[in-house]
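In: give me the fold of what follows.
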Amino acid sequence: MTQDELKTLVGQAALHYVEDGSIVGVGTGSTVNKFIDALATMKGRIVGAVSSSLASTERLQALGIKVFDATEVDELAVYIDGADEIDHAGCMIKGGGAALTREKIVAAQSRKFVCIADESKLVTTLGNFPLPVEVIPMAAKRIARQFAALGGTASLRLKDGAPLVTDNCQHILDVTGLKISEPLAFESQVSQWPGVVTVGVFAFQKANVCLLGTSAGVKTLVF
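Out: Model (predicted):
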């Protein structure tokens, strides 16, 4: 199967976790787009969705799915999102699509996090994928120096030659050269640095379930 076919497979499999009459938490990215397309087939059975990005909101609305602001909903039964990396404990690196802050907010609002990914995303230790960190621009250079002290190299993410601006009007550093063997401790440490909005390690908001697309079909990992 191609990677695109695997994404379609896990996107459809995630429908099993969507409760009738519920508001669904929806993430961001190419795999999630497959889930949104699948969700449209049962849109008459759900109330709507809370989205983690402007891009996902637009796709949901285009398919006739009502999107609620996170502040309108107390709790979500499930949050469906992808990952750039996921380890065997359910901890993830997320933020390749620049939506990590809103993704972490919606994940924290949900009782269950279902990660949908292809098998290439499963790793033993997080860190091969560049770690996204959303930062307040005035702190970017100092935060880059703090990562350098940990052995990492931080680069400002660009778009069309200029710093990428997130949905929250902030910037993103992508950090390479790290091996994150203790995700909880690492997330705690970096989150305390002044100017860090969100670090793309999801350990406190880790996945409860991962639907992994493999050549043999969908493999379900429970954490």
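In: can I see the domain layout of the chain?
Out: Per the record, the chain has its domains at 3-123+204-222, 131-199, by automatic domain parsing.
In: endpoints of the shortest one, how far apart?
Out: Taking Cα to Cα, to the nearest Å, domain 131-199 runs 8 Å from one end to the other.
In: let's have the chain start at 466 instead
Out: Noted, 466 is the first residue going forward, which turns the last one into domain 596-664.
In: give the rounded mean pLDDT of it.
Out: For domain 596-664, the mean per-residue pLDDT is 98.
In: distance of the residue lying closest to residue 530 once chain neighbours are set aside from residue 489?
Out: Leaving out its chain neighbours, the residue that sits closest to residue 530 by Cβ to Cβ, 6 or more residues apart in numbering is residue 508, at 5.0 Å. Quick note: C-beta positions are derived from backbone N, CA and C, even for glycine. Using Cβ to Cβ, to the nearest Å, we find residue 508 at a distance of 10 Å from residue 489.
In: just want to know which of the two has more residues nearby.
Out: Using other Cβ atoms under 10 Å as the criterion, residue 508 and residue 489 rank with residue 489 on top: 28 against 15.
In: how near is the more buried one to residue 547?
Out: In terms of Cβ to Cβ, residue 489 sits 15 Å off from residue 547.
In: over to residue 619?
Out: In terms of Cβ to Cβ, residue 619 sits 23 Å off from residue 547.
In: surely the residue nearest to residue 530 and residue 528 touch.
Out: Yes: counting by Cβ atoms under 8 Å, residue 508 touches residue 528, with 7.0 Å between them.
In: could you check the pLDDT of the residue minimising distance to the centre of the chain?
Out: What sits nearest the mean C-alpha location of the chain, by Cα atoms, centre = their mean, is residue 559, with 4.5 Å. If you check residue 559, the pLDDT there is 98.
In: touching, it and residue 566? I think so.
Out: No: under the criterion of Cβ under 8 Å, residue 559 makes no contact with residue 566, lying 10.2 Å away.
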